[in-house]
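sharing a model that was predicted from the sequence below.
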Amino acid sequence: MAMTIHVDIVSAEGEIYSGLAEMAYASSVQGELGIAPRHAPLLAQLRPGEVRVDEGSGVIKSFYISGGILEVQPHLVTVLADTAVRAADLDEAAAVEVKRRAEETLSGQQADFEYAKAQAELSEAVAQLRAIDRLRKVRQG
Amino acid sequence: MAGAKEIRTQIASIKKTQKITSAMEMVAAAKMRKAQERMLATRPYAEKMRSVIGHLQLAHPEYRAAIMREREIQRVGYIIISSDRGLCGGLNGNLFRHLMKEFKAHHDQGHEVDFCTIGTKALGFFRRFGGRVVAHATQLGDAPHIEDLIGTVKVMLNAFESGEIDRIYVAYNRFVNSMTQTPTVGQLVPITGDQDEKLKHHWDYIYEPDSKEVLDTLLTRYIEALVYQSVVENGACEQSARMVSMKSATDTAGGLIDALQLIYNKARQAAITQEITEIVSGAAAV
């Protein structure tokens, strides 16, 4: 039997593929990569494209990913696929947007956290829950 | 029959409330199943991520990313994950109470705290009590996407890189089973990962395109994956907490109805007895 390597393809929202393969192909930002068993450890950034898994005897499975990271250990290939289209400036825009929103909703608010007030309100809520529990037990008992 | 009518309307109103709570219970049960599936689906990614980071910590990379190094603490950041809606028992309250203790400890040590809130409840809480909320995300819905979190995570990581905050934690409810949820606080940055004993010799990866770019991307994805998993897990907690608390509300309503029904029957009977007594004594007088 030919040498095999374990291939896992996962994305944040689910597992895509897991199995043994004779060869795996992916397109990194610098070009096409072919990974055979016992490949040297490698970390590569993937660009949107195809990941192909050659399971041997002519069976080739193909998956489309929109970028991600590829890790290679001698007996293990892991593809961490992105679910979203990513670009540095898009990420930056999202961060700026979130920050602006936070400033907007919280403008005119004092910066120090009021421990005493928060503590009081929380313990009140917990006491209410406990009282409800007790009431229910009394009723059932 | 003075009291009887009031009791009847009270029973009717409790019955209506009971209908609502039992409907909410069923909705929450259905959503919980989906949320749990979603939680299980995210696990492989997080596990693989963790093992890659574990390998990476044993490698001897030429480039050491800032978020893998400990440094002295002056200001810490918390990413706090809560639900968007209420009526889920003590879920959010318990988490906030747990956090209060931590904040107090930081306060006593002279550390300042920045917040980043996810979910309407946490935002409302910190809006009422002050504190520096640097970013927030709300209305993620039942099926949160990682895209919705990129911005918030980025704000915190940028703050870490620029030296504004020296440590980042994530706080959420961990799903134990559908009856139990535990408030959990985990350290996100600097990264501390699992260790794999087999790879202890001196080695390093081949990087493509170069080590800094790949590692920065990888570590950002790792943090995002951890936060995303926490959000999904908190979602499952929310639905199961709501299901349990709505179930107990329905049961309580049932108990109230029974008790009121008894009072109502007694009042009705007393009224009838009184009427008969009046008629009989009236007839005797004639």
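Alright, I've got the coordinates. Owing to the predicted nature of the structure, the values given are computational and were not obtained by experimental measurement.

tell me, how many residues neighbour whichever residue of chain A sits closest to chain B?
Per CB to the nearest CB, A:Ala94 is where chain A lies closest to chain B, at 3.3 Å. Yep, even glycine has a C-beta here, placed from its N, CA and C like the rest. By the criterion of other CB atoms under 10 Å in any protein chain shown, A:Ala94 has 20 neighbours.

and A:Tyr115, what does it touch?
Taking CB atoms under 8 Å, 6 or more residues apart in numbering or on different chains, we find A:Tyr115 in contact with B:Met100, B:Phe103, B:Lys104, B:His107.

can I get those in TSV including distance to B:Arg8, secondary structure and neighbour count?
Converted to TSV, those look like this (distance: CB to CB, whole Å; DSSP: H, G, I helix; E, B strand; the rest coil; neighbours: other CB atoms under 10 Å in any protein chain shown):
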residue	distance to B:Arg8	secondary structure	neighbour count
B:Met100	46	helix	17
B:Phe103	50	helix	19
B:Lys104	51	helix	13
B:His107	55	helix	14
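
what segments of the chain are helices?
Just going to use chain A. Ranges of helices in chain A, per DSSP state H, are A:88-105, A:115-140.

correction: the question concerned chain B.
Across chain B, reading from the start of the chain, the helices by DSSP H fall at B:2-58, B:91-108, B:120-129, B:147-161, B:211-285.

what's near enough to touch B:Met68?
B:Met68 sits in contact with B:Gln57, B:Pro190, B:Ile191, B:Leu219, where contact means CB under 8 Å, 6+ apart.

return the member of those residues nearest to chain A.
For the contacts of B:Met68, the residue nearest chain A by CB to the nearest CB is B:Leu219; the value is 10.2 Å.

tell me which of the helices of chain A sits most buried.
Mean neighbours per residue, mean count of other CB atoms under 10 Å in any protein chain shown, is largest over those for helix A:88-105, with a mean of 15.

between that helix and helix B:211-285, how many degrees?
Angle of helix A:88-105 versus helix B:211-285, following axes from the mean of the first three to the mean of the last three CA atoms, to 10 degrees, is 40 degrees.

packing partners of helix A:88-105?
Contact partners of helix A:88-105 among helices and strands, from 3 or more CB pairs under 8 Å, 6 or more residues apart in numbering or on different chains; DSSP states H and E: strand B:132-137, helix B:147-161.

got CSV for the ones you listed, with mean neighbour count too?
CSV is the format used below for the helices and strands packed on helix A:88-105 (neighbours: other CB atoms under 10 Å in any protein chain shown):
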stretch, mean neighbour count
strand B:132-137, 23
helix B:147-161, 22
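
surely B:Ile146 meets B:Glu224?
Yes - if you go by CB atoms under 8 Å, B:Ile146 and B:Glu224 touch, sitting 6.2 Å apart.

could you tell me which residues touch both of those two?
With CB under 8 Å, 6+ apart as the test, B:Ile146 and B:Glu224 both reach A:Ala12.

re the thing from before, for chain A, find the nearest of the helices and strands packed on helix A:88-105.
Between the helices and strands packed on helix A:88-105, helix B:147-161 lies closest to chain A; by CB to the nearest CB that is 3.3 Å.

for the record, mean pLDDT for the closest one?
Across helix B:147-161, pLDDT averages out at 89.

also stretch B:75-92?
The average pLDDT for stretch B:75-92 rounds to 91.

follow-up on the earlier one: in TSV, list the helices and strands packed on helix A:88-105 along with distance to A:Ile35.
Below are the helices and strands packed on helix A:88-105 laid out as TSV (distance: least, CB to CB, whole Å):
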stretch	distance to A:Ile35
strand B:132-137	37
helix B:147-161	29
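
quick check: which of those is nearest to A:Val51?
Comparing the helices and strands packed on helix A:88-105 against A:Val51 with CB to CB, the closest turns out to be helix B:147-161 (21.2 Å).

and chain A, is the closest one touching that?
Yes - against chain A, helix B:147-161 shows contacts by CB under 8 Å from any CB of the partner chain at B:Glu147, B:Ile150, B:Gly151, B:Thr152, B:Lys154, B:Val155, B:Asn158.

that helix packs against which elements?
Going by 3+ CB pairs under 8 Å, 6+ apart, helix B:147-161 lies up against helix A:88-105, strand B:75-81, strand B:112-118, strand B:132-137, strand B:167-177, strand B:180-189, helix B:211-285.

can you do 7 Å?
Judged by 3 or more CB pairs under 7 Å, 6 or more residues apart in numbering or on different chains; DSSP states H and E, helix B:147-161 is in contact with helix A:88-105, strand B:75-81, strand B:112-118, strand B:132-137, helix B:211-285.

for A:Ala36, find the nearest of those.
Judging the helices and strands packed on helix B:147-161 by CB to CB, what sits closest to A:Ala36 is helix B:211-285, at 21.0 Å.

what's the angle from the closest one to strand B:167-177?
Between helix B:211-285 and strand B:167-177, the angle comes out at 50 degrees (the same axes, to 10 degrees).

which stretches of chain A have low pLDDT?
Confidence mapping of chain A against pLDDT under 70 gives the ranges A:1, A:84-88, A:106-112, A:139-141.
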